[in-house]
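**Q** The following block contains a protein sequence and its predicted model.
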Amino acid sequence: MEEPVLVILAAGMGSRYGGLKQIDPVGAYGEKIIDYSLFDALRAGFKRAVFIIKEELAEEFEESVFKRVRPYMEIETVFQRMDDVPAGVVIPENRVKPWGTGHAALTAARTLGDAPFCVINADDFYGREAYQKIYTFLKTLPAQTEKISCAMVGYQLQNTVTEHGSVSRGVCQMRAGQLKSITERTRIEKREDGIAYTEDGETWVPLPENATVSMNFWGFPPTFTRALERDFVRFFREDVPKNPEKAELYLPFVVDGLLQGDQAEVLVLTSTDKWYGVTYQEDKQSVKTALQELTAAGRYPSPLWPEKK
């Protein structure tokens with residue numbers, strides 16, 4: 001099997017953040033969150049990274065991220081396009097949102113051939129341990145399995161919410177270290193009486209603080225690409241007609257569908273590192289402070305990517 005590849009979802013619009021958070025500096029030398037992810041991934045063994053971005057942002061990413069990292073790691077880009085739809089599909093009028101993280105991952109997976117791959121968000125800090133565990137999983141995948149053999153790095157819900165608004169999380173149900181189902185909750189908030197989610201904006205349902213949630217940190221074998229293709233077609237047939245302007249194919253939805261159809265098994269890997277993210281502008285300072293502390297403790301060099309002579 002080929003070497004594992006890191007796939008980075010970086011085509012999101014950042015509507016709640018109010019800007020392009022994927023390339024917003026948080027480090028002393030202009031490093032972005034994704035710089036720390038790439039550094040951790042390289043240290044774990046990943047040598048190649050594929051970014052899914054919008055074509056109009058290619059130059060910005062090249063200047064702000066890629067050119068500093070290229071001397072250390074192979075960097076490629078693919079573009080998530082609105083017109084990338086199954087044959088015969090008419091794009092809904094007034095559609096602006098991308099087709100979702102499932103489509104973004106598929107856009108990259110189509111270019112990987114027989115390489116297993118890890119999928120992450122560009123704007124999330126996951127910590128070193130997660131990359132080490134997922135790389136080991138991908139390197140030791142058997143060539144053939146009856147079910148699609150996947151892995152997910154899980155985090156405690158209480159460590160992934162923000163004081164500044166709602167977040168979307170995949171809430172996991174597990175048994176003996178295996179994922180049994182995952183439910184995407186698109187509006188989770190910290191409230192006076194604890195963490196809860198709502199579907200209608202009025203009724204709030206409590207969630208345990210220690211619930212395991214998905215932060216879109218996945219490990220997949222090459223065979224997962226075909227499953228993504230099939231679900232992308234189903235998405236346009238079943239989901240888009242119900243909500244033409246906003247329906248999205250979430251990557252956790254694809255995984256959960258395979259689980260419920262007994263077509264996949266998902267090992268849940270846990271990390272003791274704390275997750276950090278910038279859903280809102282107000283989150284940025286706490287992330288900067290955390291990264292400064294990790295750098296001062298010797299976890300990261302400063303700068304992360306010194307120029308090679």
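**A** Structure received. Numbers count the residues shown, from 1 in each chain.
**Q** tell me, how many neighbours does Ser271 end up with?
**A** When neighbours are defined as other CB atoms under 10 Å, Ser271 has 21 of them. Yep, even glycine has a C-beta here, placed from its N, CA and C like the rest.
**Q** Mind pulling up the pLDDT for it?
**A** Taken from the predicted model, the pLDDT recorded for Ser271 is 82.
**Q** Likewise for Gly12?
**A** Taken from the predicted model, the pLDDT recorded for Gly12 is 64.
**Q** same question, Asp283
**A** For Asp283, the predicted pLDDT is 76.
**Q** Where does it sit: helix, strand or coil?
**A** Here Asp283 takes the helix state, with states given by DSSP: H, G, I helix; E, B strand; the rest coil.
**Q** That one and Thr289 touch, don't they?
**A** No: in this structure, Asp283 sits apart from Thr289 without contact. The criterion is CB atoms under 8 Å, and the distance is 11.0 Å.
**Q** and those two? which has more neighbours close in?
**A** Set side by side, Asp283 and Thr289 give different neighbour counts by other CB under 10 Å, the larger being at Asp283 (20 against 12).
**Q** what sits against the more buried one?
**A** Under the criterion of CB atoms under 8 Å, 6 or more residues apart in numbering, the contact list for Asp283 reads Thr162, His164, Gly277.
**Q** now do 10 Å
**A** With CB atoms under 10 Å, 6 or more residues apart in numbering as the criterion, the residues that contact Asp283 are Tyr17, Lys21, Asp123, Thr162, Glu163, His164, Gly165, Val167, Tyr276, Gly277.
**Q** And for Ile8?
**A** For Ile8, the contacting residues are 22, 34, 37-38, 41, 49-53, 65, 75, 77, 104, 108, 118-123, taking CB under 10 Å, 6+ apart as the criterion.
**Q** rerun at 7 Å
**A** Ile8 makes contacts with Ile34, Ala49, Phe51, Ile52, Ile120, Ala122, as judged by CB atoms under 7 Å, 6 or more residues apart in numbering.
**Q** who touches the host helix or strand of the third one?
**A** Take DSSP states H and E as the rule and Phe51 turns out to sit in strand 48-53. Residues outside strand 48-53 that contact it (CB under 7 Å, 6+ apart): 3, 5-11, 38, 41, 61, 73-80, 104, 107-108, 111.
**Q** Go through the helix or strand following that strand and flag the buried ones.
**A** Counting by DSSP H and E, the element after strand 48-53 in chain order, helix or strand, is helix 58-61. Within helix 58-61, the residues that qualify as buried are Phe61, counting by 16 or more other CB atoms under 10 Å.
**Q** Skip ahead from helix 58-61 and say which helix or strand is next.
**A** Downstream of helix 58-61, the next assigned helix or strand under DSSP H and E is helix 67-69.
**Q** what's that following helix in contact with?
**A** Residues beyond helix 67-69 that count as contacts (CB under 7 Å, 6+ apart) turn out to be Leu38, Ile75, Trp305.
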